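Student: sequence isn't available, so here's the structure alone:
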């Protein structure tokens with residue numbers, strides 16, 4: 001049944017966290033027990049701001065949503081055991097955090113409009129960070145720092161933040177940052193001498209309560225720029241976390257914090273040099289291994305190089321196989337043991353051998369998969385049993401004995 005539109009106490013007093021109310025409807029919503037109250041201080045999910053949490057007469061409120069058909073505020077409960085009259089208690093820590101982030105967003109959006117001529121097209125208040133999307137591509141970081149400076153100046157000036165309802169016919173003469181998205185009475189939130197905007201969310205009474213706004217990163221998305229930011233307690237926690245990271249790094253590298261960037265740069269250059277040396281050493285190792293494998297291959301019209309290796313990556317197998325098939329009349333059957341066995345089958349140019357067919361034969365024996373070209377194929381199998389892998393390569397090699405692989409293509 002339709003219920004009266006509830007009295008929303010958070011509109012007039014966002015600092016109210018305890019209230020009395022009467023249950024006017026009981027229902028099940030998305031598999032949970034829920035109630036509608038005649039009045040509520042619980043803010044429902046709306047306008048980019050998440051819902052409040054708290055309790056009703058000791059029962060946890062796990063979500064608060066608006067029923068679109070009649071505007072009723074539904075309080076989703078952890079269990080179905082409420083009296084007809086309840087005492088509501090809103091989680092103040094969560095509420096105040098949302099007030100800080102939402103008021104900070106108004107300041108950030110207003111500053112972006114003033115300094116960048118950029119409008120906010122969407123806002124999301126997340127559990128860890130909040131974002132706005134601006135209708136301007138690739139906003140430079142330097143320009144956003146100027147925006148950040150302006151926002152924090154307004155915060156530290158501790159300007160008043162007030163809300164009021166106006167009728168639709170009063171809106172035309174007001175300097176709104178954006179037009180209202182609803183019909184009927186319109187709630188406006190005003191930051192003194194800085195911003196006036198339609199909004200149904202909860203806000204602090206003075207900008208000083210926002211504490212600090214910090215832009216964390218910019219994400220360029222086509223014709224829009226996403227701005228990720230934190231305010232108040234979140235900004236403090238973010239600074240504390242990053243300060244700990246800087247302390248740990250500076251201790252580990254035995255340098256001052258101001259020298260960290262240079263120290264990391266030196267480490268990167270050293271790492272690049274070490275990788276170059278490692279690649280060169282690896283290439284020498286593979287070259288030597290290829291020579292030994294070729295020398296140890298049984299004589300015949302076609303040399304069949306068969307080897308099961310340990311400590312080699314798939315890329316090493318590929319590189320080794322390329323070296324081996326550089327020799328004429330050579331067929332290669334290689335395996336590298338790890339958590340899975342990596343396989344590589346290849347043959348020299350001019351041989352009538354289908355590397356894919358040989359790989360399929362090995363994979364069939366080992367329960368693996370793979371594919372490739374007639375001259376070069378790769379795969380893997382879910383086993384690390386050396387004896388089983390060696391037997392599978394041996395059986396695949398025996399297939400060559402029934403063929404004449406030396407005929408010219």
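Tutor: Looks like it arrived, so ask away. Quick caveat: nothing in here was measured; it's all calculated off a predicted structure. Numbers count the residues shown, from 1 in each chain.

Student: for residue 60, give its distance to residue 301.
Tutor: 80 Å (CB to CB, to the nearest Å). The C-beta positions use only the backbone N, C-alpha and C, and glycine is treated the same way.

Student: higher neighbour count, those two?
Tutor: residue 60 (13 against 8; other CB atoms under 10 Å).

Student: the more buried one is in contact with residue 76, isn't it?
Tutor: No: taking CB atoms under 8 Å as the definition, residue 60 is not a contact partner of residue 76, at 9.6 Å.

Student: show me what the helix or strand hosting residue 279 packs onto, helices and strands only.
Tutor: Taking DSSP states H and E as the criterion, residue 279 maps to helix 260-296. The helices and strands touching helix 260-296, judged by 3 or more CB pairs under 8 Å, 6 or more residues apart in numbering; DSSP states H and E, are helix 232-252, strand 303-310, helix 314-324.

Student: the last one: which residues count as buried?
Tutor: Residues of helix 314-324 classed as buried by neighbour count (16 or more other CB atoms under 10 Å): 314, 316-317, 319-321, 323-324.

Student: contact partners of it?
Tutor: Applying CB atoms under 8 Å, 6 or more residues apart in numbering, the contact partners of helix 314-324 are 282-283, 286-287, 289-290, 293-294, 305, 309, 312, 330, 332, 334, 336, 342-344, 346, 376, 378, 380.

Student: buried ones only from the residues you listed, please, as a ChimeraX command.
Tutor: Selecting only the buried entries of these in ChimeraX, with 16+ other CB under 10 Å as the criterion:
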select :286,289,290,293,294,305,312,330,332,334,336,342,343,344,346,376,378,380
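
Student: got any ranges where this protein has weak pLDDT?
Tutor: 1-5, 402-409 (pLDDT under 70).

Student: could you break it into its assigned domains?
Tutor: Listed by automatic domain parsing, the domain ranges of the chain are 7-90, 96-246, 278-402.

Student: JSON lines for the ones you listed, including distance to residue 266?
Tutor: Converted to JSON lines, the domains of the chain look like this (distance: least, CB to CB, whole Å):
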{"stretch": "domain 7-90", "distance to residue 266": "44"}
{"stretch": "domain 96-246", "distance to residue 266": "17"}
{"stretch": "domain 278-402", "distance to residue 266": "18"}
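
Student: so which of these gets nearest residue 263?
Tutor: Smallest distance to residue 263 across the domains of the chain (CB to CB): 11.7 Å, for domain 96-246.

Student: mind listing the strands for the stretch 51-200 of the chain?
Tutor: Secondary structure of the stretch 51-200 of the chain (DSSP state E, counting those that start in this stretch): strands at 54-56, 59-67, 72-77, 85-90, 120-125, 130-134, 161-166, 186-191, 195-198.

Student: can you tell me the strand partners of the third one and which way each runs?
Tutor: What that stands for is strand 72-77. Using DSSP bridges, the strands paired with strand 72-77 are strand 32-37 (antiparallel), strand 59-67 (antiparallel).

Student: now do the buried residues in it.
Tutor: For strand 72-77, by 16+ other CB under 10 Å, it's 72-77.

Student: okay if I get those as TSV plus distance to residue 152?
Tutor: Output for the buried residues of strand 72-77, formatted as TSV (distance: CB to CB, whole Å):
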residue	distance to residue 152
72	40
73	35
74	38
75	37
76	37
77	40
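
Student: closest one to residue 6 out of those residues, please.
Tutor: Nearest member of the buried residues of strand 72-77 to residue 6, counting by CB to CB, is residue 73, at 5.1 Å.
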